[in-house]
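Engineer: Please work out how this folds:
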Amino acid sequence: MQSKYQQKLKREESVRIKKQVEEARIQQMKAVQRQKSNKLEEKKRLQENLRREAFREHQQYKTAEFLSRLDTESPDRSTCQKALHDPQSSTWARSWAYKDSLKEEENKKLQKMKEEQRQKSELLEFNRQQQEEERTKTHQAEHKRVNNAFLDRLQGKSQPGGFEHFGGHWNMNSGNSWDV
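Structural biologist: Reported below is the predicted structural model:
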């Protein structure tokens, strides 16, 4: 009976170790995915910054080119300068502003989806932890029940045969205790 109990303990220990290994593997995979996501986000941010910088340089070059052309061609510079500062005069600038606003809106949606995904992930992790705690409590209760049953059987065998057991004797005055 004791070897069966030891085998059961060994099995429980191996199951516990397997769970720990699996949990460690899952945590490692999550860390790798988080790292990949962060790298991708950083790459996108850098590309966006490069695109904006290239656009800004291109816009400055074209504006300077246009102004130099206006200075040499146009006799009435004051009307041209007013047209340059009017935001409605540049369809191209409005188009870029619209595209930028769309990109910004898309980025906001992406951030919102990421936040929702993170919250779902946290909720799933919390639920998994609760289930694991419940399994542990159930396992401990079962373990306690088995131990108590074992002790009850052990106690039942020692009483009819005499008061001595394992080098001690049964103390009748102090309830259910052993004097050694």
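Engineer: Find out how far the host helix or strand of residue 158 is from the centre of the chain, if you would.
Structural biologist: Assignment of secondary structure by DSSP states H and E places residue 158 within helix 91-161. Between the mean C-alpha point of helix 91-161 and the mean C-alpha point of its chain there is a distance of 10 Å (C-alpha atoms, centre = their mean, to the nearest Å).
Engineer: I would like the residues contacting stretch 40-57, please.
Structural biologist: For stretch 40-57, contacts defined as C-beta atoms under 8 Å, 6 or more residues apart in numbering pick out 96, 103. To be clear about C-beta, it is placed using only N, CA and C from the backbone, and glycine gets the same treatment.
Engineer: where in this protein is pLDDT low?
Structural biologist: 74-90, 159-180 (pLDDT under 70).
Engineer: and with 80 instead?
Structural biologist: Residues of the chain meeting the criterion pLDDT under 80: 1, 71, 73-96, 158-180.
Engineer: how many neighbours does residue 6 have?
Structural biologist: By other C-beta atoms under 10 Å, 10 other residues sit near residue 6.
Engineer: A helix includes it, no?
Structural biologist: Yes: going by DSSP: H, G, I helix; E, B strand; the rest coil, the assignment for residue 6 places it inside a helix.
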